[in-house]
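K.L.:
coordinates only, sequence not included:
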């Protein structure tokens, strides 16, 4: 099974970045001589968003699910990220500090070398998470991923028993 990132959401992100860049440029043009540090920070920030969102339009992220785990690929990822089903405890909707929802997961003890980032994220509710922008909502993604994971782990245990 392959779940794909939404090109529509990526296009919306690209459009939003371009609008904010143009708004910053118009602000600079219409108010010359004023201190524009915040305006330049905004132009740079949203300017960096253009290649990121464009890469998601050109090469949407994919989440490939198989018997062994999932593979996250696409966008600006240099190489695919692989995670085995047996390495994680399951998926949950993660909303760090009341921000937008995403799909979080925690690792089984000893499954991965613990990093400082994992410790910080665990304090926020998830050791790792999937990026946003999928064709399904985070709630639906959690439902799909947990169901697929349980089926795969059941299949793996049956193979071991034979």
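P.N.:
Done, it's in. Treat the numbers as computed from the prediction; the structure is a model and nothing was measured.

K.L.:
tell me which residue is most central in this protein.
P.N.:
Central residue of the chain (C-alpha atoms, centre = their mean): residue 131, 0.4 Å from the mean position.

K.L.:
was I right to think it contacts residue 61?
P.N.:
Yes: Residue 131 is within contact range of residue 61, at 6.3 Å (criterion: C-beta atoms under 8 Å). For glycine as for every other residue, the C-beta is placed from the backbone atoms N, C-alpha and C.

K.L.:
which neighbours do those two share?
P.N.:
5, 72, 75 (C-beta atoms under 8 Å, 6 or more residues apart in numbering).

K.L.:
ok, so of the residues you listed, who is nearest residue 151?
P.N.:
residue 72 (19.4 Å; C-beta to C-beta).

K.L.:
state the mean pLDDT of whatever helix or strand the closest one lives in.
P.N.:
Take DSSP states H and E as the rule and residue 72 turns out to sit in strand 69-73. Averaged over strand 69-73, pLDDT sits at 92.

K.L.:
in the chain, which spans are strands?
P.N.:
Using DSSP state E, the strands of the chain run over 2-4, 62-65, 69-73, 81-84, 88-94, 102-107, 128-129.

K.L.:
in TSV: the ones you listed, plus mean neighbour count and distance to residue 142.
P.N.:
TSV is the format used below for those (neighbours: other C-beta atoms under 10 Å; distance: least, C-beta to C-beta, whole Å):
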stretch	mean neighbour count	distance to residue 142
strand 2-4	15	12
strand 62-65	18	12
strand 69-73	18	13
strand 81-84	14	15
strand 88-94	18	5
strand 102-107	21	6
strand 128-129	18	11
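
K.L.:
include distance to residue 22 when you put these into CSV, please.
P.N.:
What follows is the strands of the chain, written out as CSV (distance: least, C-beta to C-beta, whole Å):
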stretch, distance to residue 22
strand 2-4, 30
strand 62-65, 31
strand 69-73, 32
strand 81-84, 34
strand 88-94, 33
strand 102-107, 29
strand 128-129, 32
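
K.L.:
distance from the centroid: which residue in the protein tops it?
P.N.:
residue 33 (39.9 Å).

K.L.:
pLDDT at that one, what is it?
P.N.:
Reported pLDDT for residue 33: 72.

K.L.:
sorry, back to before: looking at the shared contacts of residue 131 and residue 61, spot the one nearest residue 108.
P.N.:
Among these, and counting by C-beta to C-beta, the member closest to residue 108 is residue 72, at 18.5 Å.
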